[in-house]
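Peer 1: Provided below are the primary sequence and the corresponding predicted coordinates.
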Amino acid sequence: MQRTLDSVIAQNETPALWVIVDDGSTDDTPVILADYAARHKWIKVLTKPDRGHRAVGPGVIEAFYYGLDQTDWQNFDYLCKLDLDLDLPQEYFATLMAKMEAEPRIGSCSGKPYFRKGDRMVSEKCGDEMSVGMTKFYRRACFQDIGGFVREVMWDAIDCHKSRQLGWIACSWDTPELRFEHLRPMGSSQKSILTGRIRHGFGQYYMGTNFWFFTASCLFRMAHPPYLIGGLASWWGYVRSVIKGEKQQDDTELRKFIQAYQMRALRVGKSAATAEIVRRQTGVWNTRIPATEQTEEPAREALT
């Protein structure tokens with residue numbers, strides 16, 4: 001947490017307001033946060049009642065909205081959902097805002113997460129067509145347009161697909177000024193990393209992911225840590241959800257949109273399929289977004 005705090009404070013462009021939600025810490029977190037808030041007036045700490053257990057996915061978004069609902073977030077140009085287990089490069093926020101100002105259709109973006117393994121940094125292999133959940137940077141107009149985040153596992157992929165459905169661009173870049181260290185590997189859990197992978201499989205099912213696309217994705221994941229069993233655990237999480245008849249997200253049209261994209265990606269690759277969607281949805285964006293929002297020079301007020 002302190003590494004995240006220090007890396008945000010060291011940014012070339014710090015947030016106009018940083019709301020940190022403590023939702024049940026039992027260690028020295030409240031004392032540390034109070035110290036940072038006292039030294040930096042743009043840091044605001046909120047204490048949320050402890051739910052009594054960790055709830056990855058729904059709990060994360062529950063905490064996010066607890067903070068968001070207590071701010072005038074509609075008055076900001078950008079907002080960022082940021083986890084407290086990241087070490088960000090100094091130019092991180094400034095680079096993202098510059099890229100968004102250069103392309104008005106970018107509604108959500110991020111850098112790329114890496115984790116440390118011994119003396120080397122290992123990529124978490126996140127696709128360019130997604131903004132990553134641990135540091136999801138949003139144009140406020142896009143966040144409002146998609147209706148915010150769903151309160152379930154896979155919220156951080158559903159929002160990207162919804163953005164593209166409505167004509168926005170969601171993306172991430174793997175450049176030195178945007179590579180950050182994820183201090184807790186993706187898909188981990190309070191129980192084990194395999195539990196996290198199984199949860200990921202359920203999330204893909206909940207989102208509406210096509211079975212064959214996800215099977216191919218799991219085969220790809222088997223070649224990355226944790227080797228073999230990581231992909232198998234994710235695949236089993238999906239299949240188990242099918243067998244149990246678990247609920248899927250209610251947005252039927254979005255599920256169809258996602259599945260059509262995924263089947264196209266199996267044929268031509270994700271990059272080409274994403275580029276096709278971005279081109280195809282240009283007309284959707286042009287008819288839905290006022291011309292003034294497409295061309296005006298945005299300010300650089302960010303809520304984190």
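Peer 2: Good, I have the coordinates.
Peer 1: center of the chain - which residue?
Peer 2: Residue closest to the average C-alpha location in the chain (CA atoms, centre = their mean): Gly133, at 1.9 Å.
Peer 1: how close does the nearest residue in space to it that is not next to it in sequence sit to Lys136?
Peer 2: The shortest distance from Gly133 to any residue other than its chain neighbours is 3.0 Å, reached at Asp156 (CB to CB, 6 or more residues apart in numbering). Every residue, glycine included, has its C-beta placed from N, CA and C. Per CB to CB, to the nearest Å, Asp156 is found 6 Å from Lys136.
Peer 1: Settle it for me: which of these two has more neighbours?
Peer 2: The neighbour count for Asp156 versus Lys136, taken as other CB atoms under 10 Å, is higher for Lys136 (25 against 22).
Peer 1: Mind listing the residues bridging to that one?
Peer 2: Beta-bridge partners of Lys136, counted by DSSP bridges, are Lys81.
Peer 1: wait, what's in contact with it?
Peer 2: Lys136 makes contact with 80-81, 108, 110, 156, 159, according to CB atoms under 8 Å, 6 or more residues apart in numbering.
Peer 1: where's the closest residue to Asp251 other than its chain neighbours, which helix or strand?
Peer 2: Nearest residue to Asp251, sequence neighbours excluded (CB to CB, 6+ apart): Lys162, at 7.6 Å. Element membership of Lys162, judged by DSSP states H and E, is helix 155-165.
Peer 1: Distance of Glu103 relative to Phe143?
Peer 2: Distance from Glu103 to Phe143, by CB to CB: 17 Å.
Peer 1: again with Thr274
Peer 2: Separation of Thr274 from Phe143 (CB to CB) stands at 20 Å.
Peer 1: ditto for Gly237
Peer 2: Shown here: Gly237 relative to Phe143, a distance of 28 Å by CB to CB.
Peer 1: And for Pro30?
Peer 2: For Pro30, the distance to Phe143 - CB to CB - is 29 Å.
Peer 1: In terms of neighbours, single out the busier of those two.
Peer 2: When neighbours are counted by other CB under 10 Å, Phe143 comes out ahead of the other of Pro30 and Phe143, with 24 against 13.
Peer 1: Run the chain-centre distance for the helix or strand containing Leu254.
Peer 2: Using DSSP H and E, Leu254 falls within helix 252-268. In terms of CA atoms, centre = their mean, to the nearest Å, the gap separating the centre of helix 252-268 from the centre of its chain is 20 Å.
Peer 1: thought Ala16 was touching Phe93?
Peer 2: No: using CB atoms under 8 Å, Ala16 makes no contact with Phe93, being 10.7 Å away.
Peer 1: about what we covered before: tell me the contacts of the residue nearest to Asp251?
Peer 2: By CB under 8 Å, 6+ apart, the neighbours of Lys162 are 146-147, 251, 254.
Peer 1: quick one: which of those residues is nearest Gln74?
Peer 2: The closest of the contacts of Lys162 to Gln74 turns out to be Gly147 (CB to CB; 14.0 Å).
Peer 1: following the helix or strand of the chain with the lowest mean pLDDT, which helix or strand comes up?
Peer 2: Taking all helices and strands of the chain together, the one with the lowest average confidence (mean pLDDT, DSSP states H and E) is helix 291-295, at a mean of 62. Next along the chain after helix 291-295, taking DSSP H and E as the criterion, comes strand 302-303.
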